[in-house]
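can you look at this prediction? I've put the sequence above it.
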Amino acid sequence: MEISPTRPDKSQVLYTGKEIAVTVERMAGEISTVYGNEEITVVAVLHGALIFCADLMRELDMKVQLETVTASSYHGASTTSGELSVRVQCADQLVDRHVLLVEDILDTGRTLSRLSAEVMAIKPKSLRIAALLDKPERRVTDITADFVGFSIPDLFVVGYGLDLDGRYRNLPEIRAIHS
Ligand code: IMP
Ligand code: MG
């Protein structure tokens, strides 16, 4: 039986699992410095942030509650069309809370701009953003993350939660795909 490849062709490792772990730990330290012992509500933006959020949460020592939101933007081959579907089903859980939105990657910024506006309308005590990856060159909206893991150039990346057509989320490393 032929074993199908589990990694995409024409791709190379950008960050190893170990490098990611070190960065996640550093981010958790920064987050702890900002919130101290205040309880926070982590909101993972699915599906991409699932793995990052699971690792990040386990590095936090304060009381943490977990909620999720689903956001999907419809990407063309290399651009984002701007159509976005966002559902904040956990609205009641965010009122008067210190909300930390946890996202895999900040690209054009449309997803997080839209989500931040939706969350702010719910009137949290505070709102901050943690993004594992940031592609500042690609930004079309006025948004920055409070906590950033890696700032990268305009590359398409997969692994550690990030997908290409739904695949490669399970890779422990982050890989860049050559176009
Ligand atoms: P934005 O709204 O353009 O900032 O898009 C953010 C979303 O697009 C992320 O949450 C990802 O789901 C997806 N995305 C953007 N860049 C990449 C990438 O390089 N690899 C995989 N997904 C990406
Ligand atoms: Mg995403």
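That came through fine. Numbers count the residues shown, from 1 in each chain. Ligands and ions are numbered 1, 2, ... in the order given.

near ligand 2, which residues of the chain show up?
Applying C-beta under 5 Å from the ion, one finds that the chain approaches ligand 2 through G48, D104. The way it works is simple: take the backbone N, C-alpha and C, and place the C-beta from them, glycine included.

break down the chain into its helices, ranges please.
Along the chain, the segments classed as helices by DSSP state H run 17-35, 50-57, 110-121.

what about the second one, near ligand 1?
No - for a cut-off given as C-beta under 6 Å from any ligand atom, helix 50-57 has no contacts with ligand 1; the smallest distance is 10.6 Å.

what's the offset of that helix from the middle of its chain?
Centroid separation for helix 50-57 versus its chain: 9 Å, with C-alpha atoms, centre = their mean, to the nearest Å.

find the closest residue to ligand 2 in the protein.
Going by C-beta to the ion, ligand 2 is nearest to G48 of the chain, at 3.2 Å.

quick check: pLDDT value at that residue.
Note for G48: predicted pLDDT of 96.

dump the residue contacts of it.
Residues in contact with G48 (C-beta atoms under 8 Å, 6 or more residues apart in numbering) are E103, D104, I105, G161, L162, D163, R169.

make a markdown table out of these and add pLDDT and distance to T111.
Below are those laid out as a markdown table (pLDDT from 0 to 100; distance: C-beta to C-beta, whole Å):
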| residue | pLDDT | distance to T111 |
| --- | --- | --- |
| E103 | 98 | 7 |
| D104 | 98 | 10 |
| I105 | 98 | 9 |
| G161 | 98 | 14 |
| L162 | 97 | 13 |
| D163 | 96 | 14 |
| R169 | 96 | 17 |
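
now the buried members of those.
E103, D104, I105, G161, L162, R169 (16 or more other C-beta atoms under 10 Å).

and which of these is nearest K63?
Nearest to K63 among the buried ones among the contacts of G48: E103, at 21.8 Å, using C-beta to C-beta.

count of neighbours near the residue lying closest to F52 once chain neighbours are set aside?
In this structure, F52 finds its nearest non-sequential neighbour in L132, 4.7 Å apart by C-beta to C-beta, 6 or more residues apart in numbering. If you count neighbours by other C-beta atoms under 10 Å, L132 ends up with 30.

thanks a lot, see you next time.
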